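> Would you be able to build a 3D model of this:
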Amino acid sequence: MYRRCNFRHEKKLRALGIARIAGIDEAGRGALAGPVVAAAAILPERFRHRKLNDSKQLSPELREEIYQYLTNHSEIVWAVGIVDSLEIDRINILRASRQAMRIAVAGLTISPEHVLIDGLPVFPFPLPQTAIVDGDCLSLSIAAASVIAKVTRDTLMREFCARFPQYCFSQHKGYGTELHLQKLHEHGPCPIHRRSFEPVAPPVFSF
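Purely as a prediction, here's the structure:
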């Protein structure tokens, strides 16, 4: 169901005297290949954007348009964190997603006082947090992070497609679509596939 994002959660924190609030979200957690990417974004208090919403509810063209607006806005502070497939296999995807979030927050040029995180709480985390289930379609700050994370990851996957054209990464972005599974069976995994994920993992393929 379509829900329009707003500043309700941010306003509650600002009423408590908390001014610098970052939204955090990730992209690529469920993919079979490529990195997991998290983004953190601090929006100005009077920020407005009538099209901004959860990145999954936006067309690729609109996501790119909003991404350009967000990342070129002089009053928006943002950063991304990227954890590659090797590290995902080493520490597991849950820990890798959390690590990407911590990297994104550490990359902000202004330190937030509080973070709003899409989904469940993240521990350990260096800052006070509020976890919001479906936060990417409820909080404007999290929605902004979701767009930045998604577009950043999609760009990376298009670059990987140029290196490994036989997998068609630009089309499925590493997710387990029928096309991707077909290419896996035809060619086996490449260096950016997550070897700990089914159906990449043995016994489907041997390494």
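> Let me see the contact set for the residue lying closest to Y175 once chain neighbours are set aside.
Sequence neighbours aside, A31 is the residue nearest to Y175 in space, at 5.0 Å (criterion: CB to CB, 6 or more residues apart in numbering). Just so you know, the C-beta spots here come from the backbone N, C-alpha and C atoms, and that holds for glycine as well. Contact partners of A31, counting by CB atoms under 8 Å, 6 or more residues apart in numbering, are 173-176, 194.
> Going by distance to Q182, which of those wins?
When the contacts of A31 are ranked by distance to Q182 (CB to CB), G176 comes first, at 10.9 Å.
> Show me the strands in this structure, by range?
Assigned by DSSP state E, the strands in the chain fall at 21-27, 36-42, 77-83, 114-118, 129-132.
> could these go into a markdown table alongside mean neighbour count and distance to R98?
Listed next are the strands of the chain as a markdown table, based on neighbours: other CB atoms under 10 Å; distance: least, CB to CB, whole Å:
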| stretch | mean neighbour count | distance to R98 |
| --- | --- | --- |
| strand 21-27 | 29 | 9 |
| strand 36-42 | 31 | 9 |
| strand 77-83 | 22 | 9 |
| strand 114-118 | 25 | 10 |
| strand 129-132 | 17 | 11 |
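> Adding distance to F7, write these out as JSON lines.
Output for the strands of the chain, formatted as JSON lines (distance: least, CB to CB, whole Å):
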{"stretch": "strand 21-27", "distance to F7": "9"}
{"stretch": "strand 36-42", "distance to F7": "13"}
{"stretch": "strand 77-83", "distance to F7": "16"}
{"stretch": "strand 114-118", "distance to F7": "11"}
{"stretch": "strand 129-132", "distance to F7": "13"}
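> got CSV for these, with mean pLDDT and distance to I66 too?
Below are those laid out as CSV (pLDDT from 0 to 100; distance: least, CB to CB, whole Å):
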stretch, mean pLDDT, distance to I66
strand 21-27, 98, 14
strand 36-42, 98, 11
strand 77-83, 98, 12
strand 114-118, 98, 17
strand 129-132, 98, 20
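> average model confidence for the longest helix seen in the chain?
For the chain, the helix with the greatest residue count under DSSP state H is helix 140-163. Mean pLDDT, helix 140-163: 98.
> Please name the nearest non-neighbouring residue to F47.
According to CB to CB, 6+ apart, the nearest residue to F47 is L140 (6.7 Å).
> Settle this for me: the one you found is touching G23, isn't it.
Yes - if you go by CB atoms under 8 Å, L140 and G23 touch, sitting 7.3 Å apart.
> what sits in contact with each of these two?
L43.
> which intervals of the chain have sub-threshold pLDDT?
1-3, 202-207 (pLDDT under 70).
> Spell out, range by range, the helices that occur in it.
Secondary structure of the chain (DSSP H): helices located at 8-15, 60-71, 85-91, 93-106, 140-163, 169-172, 178-187.
> Mind putting the ones you listed into CSV with distance to P128 and mean neighbour count?
As requested, those are exported to CSV (distance: least, CB to CB, whole Å; neighbours: other CB atoms under 10 Å):
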stretch, distance to P128, mean neighbour count
helix 8-15, 9, 15
helix 60-71, 24, 16
helix 85-91, 25, 18
helix 93-106, 12, 21
helix 140-163, 14, 24
helix 169-172, 37, 19
helix 178-187, 39, 14
